[in-house]
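Enquirer: Please find the sequence and the predicted model below.
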Amino acid sequence: MPATAPQPAPVLRIGNASGFYGDRFDAFRSMLEGGELDVLTGDYLAELTMLILGRERLKDPSAGYARTFLRQLEETLGLAHDRGVRVVANAGGLNPAGLAAKIAELAGRLGVPARVAHVEGDELRGYEGALTAHAYLGGAGITACLRAGADIVVTGRVTDAALVTGPAAAHFGWDVGGTGDLDALAGAVVAGHLLECGAQVTGGNYAFFTEHDVRAPGFPLAEIHADGSAVITKHPGTGGVVDVGTVTAQLLYETGGARYAGPDVTARLDTVRLRPAGPGRVAVDGVRGEAPPPALKAGLTRIGGWRNEVVFVLTGLDIEAKAALVRTQVEDALAKNRPAQVRWELARTDHPDADTEEGAGALLRLVVRDPEQAAVGRAVTGAAIELALASYPGFHVTAPPGKGSPYGVFEAAYVDRDRVRHTAVLPDGRRERVRDPAVFRELADVPEPPLPEPLSPGPTRRVPLGRLAGARSGDKGGDANLGVWARDDAAWRWLAHTLTTDALRALLPETAGLRVERHVLPALRALNFTLHGLLGEGAASAARFDPQAKALGEWLRSRHVDVPEVLL
């Protein structure tokens, strides 16, 4: 009789050891030593990172990958091999082939028989003026590499969730590109999104951090099942917390409406169910999947121009008058050669009758931008520093102004799939072209779901919104994402009717004049807002005090609103 094919283990344990380029270095070792694991992933490629790697490649064509990952492997490659853990990371950046070659060389030097593969084809040609141009690939190339026996797979620009969908599809035999496993793939996309930012799902950056010990949160892992459902948890004994709140916060992070589109599948976030599954464990199931959109998202970076910054320290009395004086003086000096963009912002960090000089100080920030370096260099520094003895009392700045530095711009685009040659380079060197999905579905908004029954009228008290709601925010190019959720049904009944787009604009005056979208996710008791254009040309341009909108949610939570007393 023919031999029966071995059945996959019913649970695939996938961990994460990096949420960004610069994350905790020893996380790789901690995850490998901390408990059971089948696959260890690392996410290194934020939008800003692509710009950084692009500038590195200008200086050295052999660069362009996350060097930290190679150093982490040098310490842990033998440990991963001994424990049978496969490693999948997007650390290849702009040069996955170069990183794969370095890893193979490292494995040979260490005497570890690791089979190395990589995924390429994301780089796009024909974008004049772009520093980097890359399509977001799905997980099918990773799947091909793992099915061919790879122990280490490195990629360039793939979706963050692909680091989980690729191994899950390889393990369970899902048909990536077909229509039969869309729900399972969508479940893995959600699990991947929950893992991608590392400790953000285990208590890091969490609105209700004071309720837990989050001094040293462990990194997360997902126990994935054959139907795509998962349990989010962490290794025993590690710090932080995993509960429905931390998982909800990360699920809302940098997403938009109910349809979360990817190259392999569109996951319906309005179908996600979260429930406790024991201490430090949250079950994620019910996720429905749809065919992906026909076009691929791409990320383009370019050098946008030159910027410079001067921060004036204003101390003690008459802060507003001091700011007005130095601003007028600098503006007069710049009148003949004014940079293209001049932005002033006064941060009132001062306190009356302060018992330290720093506590009595406010900060006046001047940021200038221009296509030409000369316009933001000596012209600006001279205008500022020449006033040192001729302006407001107590004049000084936080640092000597420099010559100006280039700033980057991120832009999202969409490209036809036939422009992309998604290719898996297998451990034996064979190149396997990854096929496109068989069926596509154009993206469309989901009809607005019905709102819950509003609370009955009653007395209110004016308190910070954060007494009732959590929030998490982040950047998507020049747009900001802001997710807000309630922790119980009564608070949700109030939040859903109270926090409208008009109410949000009133609470966050910076959003006046911007297009604001609100998406309602009743199963999560959440609202997800997209604030178009809040971040200008994106995080790399540093146009805003909080250029990645990381604290936007906490600003919103600090604003005072009228809350029904029954909820307090």
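Expert: Nice, thanks for sending it over. Numbering: from 1, shown residues only.
Enquirer: As a check, name the ranges of all strands in the stretch 301-450 of the chain.
Expert: For the stretch 301-450 of the chain, the strands defined by DSSP state E, counting those that start in this stretch occupy 341-347, 361-370, 396-397, 405-416, 423-425, 431-433.
Enquirer: which secondary structure element contains the closest residue in space to V11 that isn't next to it in sequence?
Expert: With sequence-adjacent residues excluded and distances taken as CB to CB, 6 or more residues apart in numbering, V11 is closest to E223, at 5.0 Å. Glycine gets a C-beta too; all of them are placed from N, C-alpha and C. In this assignment (DSSP states H and E), E223 forms part of strand 220-225.
Enquirer: Tell me the strands beside that strand, with direction?
Expert: Note on strand 220-225: by DSSP bridges, its sheet partners are strand 11-16 (antiparallel), strand 230-234 (antiparallel).
Enquirer: Okay, now the unreliable bits of this structure?
Expert: 1-5, 539-543 (pLDDT under 70).
Enquirer: picking up where we left off before, mean neighbour count and distance to M31 added to the strands of the stretch 301-450 of the chain, as a markdown table?
Expert: Shown next, in a markdown table, are the strands of the stretch 301-450 of the chain (neighbours: other CB atoms under 10 Å; distance: least, CB to CB, whole Å):
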| stretch | mean neighbour count | distance to M31 |
| --- | --- | --- |
| strand 341-347 | 15 | 39 |
| strand 361-370 | 21 | 40 |
| strand 396-397 | 15 | 44 |
| strand 405-416 | 17 | 30 |
| strand 423-425 | 23 | 25 |
| strand 431-433 | 14 | 29 |
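Enquirer: got TSV for the ones you listed, with distance to N528 too?
Expert: Listed next are the strands of the stretch 301-450 of the chain as TSV, based on distance: least, CB to CB, whole Å:
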stretch	distance to N528
strand 341-347	28
strand 361-370	30
strand 396-397	40
strand 405-416	18
strand 423-425	34
strand 431-433	36
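Enquirer: looking at the ones you listed, which is closest to P457?
Expert: Distance to P457, taken as CB to CB, is lowest for strand 341-347 among the strands of the stretch 301-450 of the chain, at 39.2 Å.
Enquirer: Just the angle for that closest one relative to strand 361-370, thanks.
Expert: For strand 341-347 against strand 361-370, the angle by axes from the mean of the first three to the mean of the last three CA atoms, to 10 degrees is 170 degrees.
Enquirer: and R557, what helix or strand is that in?
Expert: Here R557 is assigned to helix 552-558, by DSSP H and E.
Enquirer: typed the wrong thing, it's V284
Expert: Take DSSP H and E as the rule and V284 turns out to sit in strand 282-285.
Enquirer: ok, that strand: who's next to it in the sheet?
Expert: Counting by DSSP bridges, the strands paired with strand 282-285 are strand 230-234 (antiparallel), strand 273-276 (antiparallel).
Enquirer: L468 and L495 touch, don't they?
Expert: Yes. At 6.8 Å, L468 counts as touching L495 under the criterion of CB atoms under 8 Å.
Enquirer: joint contacts of these two?
Expert: Overlap of the contact sets of L468 and L495 (by CB atoms under 8 Å, 6 or more residues apart in numbering) consists of A486.
Enquirer: re the thing from before, and the strand holding E223, what's buried?
Expert: Within strand 220-225, the residues that qualify as buried are 220-225, counting by 16 or more other CB atoms under 10 Å.
Enquirer: go on, stretch 12-30?
Expert: 12-21, 23, 27-28, 30.
Enquirer: and those, which two are the farthest apart?
Expert: Taking CB to CB as the measure, the buried residues of stretch 12-30 span a maximum distance of 26.0 Å, between L12 and Y21.
Enquirer: residues contacting A97?
Expert: A97 makes contact with 118, 120, 425, according to CB under 8 Å, 6+ apart.
Enquirer: The residue lying closest to T500 once chain neighbours are set aside: neighbouring residues, count only.
Expert: Nearest residue to T500, sequence neighbours excluded (CB to CB, 6+ apart): R518, at 7.0 Å. The number of residues packed near R518 is 18, by other CB atoms under 10 Å.
Enquirer: how close does R518 get to G474?
Expert: Distance from R518 to G474, counting by CB to CB, to the nearest Å: 17 Å.
Enquirer: ok, the residue lying closest to D213 once chain neighbours are set aside - how many residues close by?
Expert: Spatial nearest neighbour of D213, chain neighbours left out: G239 (6.4 Å); criterion: CB to CB, 6+ apart. Residue neighbour count, defined by other CB under 10 Å, stands at 15 for G239.
Enquirer: Where does the residue nearest to A424 when sequence neighbours are not counted fall, secondary structure wise?
Expert: The spatial neighbour of A424 that comes closest, neighbours along the chain excluded (CB to CB, 6+ apart), is A144 at 3.8 Å. Assigning secondary structure by DSSP H and E places A144 in helix 140-147.
Enquirer: Packing partners of that helix?
Expert: The contact analysis (3 or more CB pairs under 8 Å, 6 or more residues apart in numbering; DSSP states H and E) places helix 140-147 against strand 86-89, strand 116-120, strand 152-155, helix 162-172, strand 423-425.
Enquirer: Go again with 10 Å.
Expert: strand 39-42, strand 86-89, strand 116-120, strand 152-155, helix 162-172, strand 423-425, strand 431-433 (3 or more CB pairs under 10 Å, 6 or more residues apart in numbering; DSSP states H and E).
Enquirer: and the last one, which strands flank it?
Expert: Spelled out, it's strand 431-433. Short version: by DSSP bridges, strand 431-433 pairs with strand 423-425 (antiparallel).
Enquirer: what's next to the partner strand, contact-wise?
Expert: 96-97, 100, 116-122, 137, 140-148, 150, 153-155, 166, 430-434 (CB atoms under 10 Å, 6 or more residues apart in numbering).
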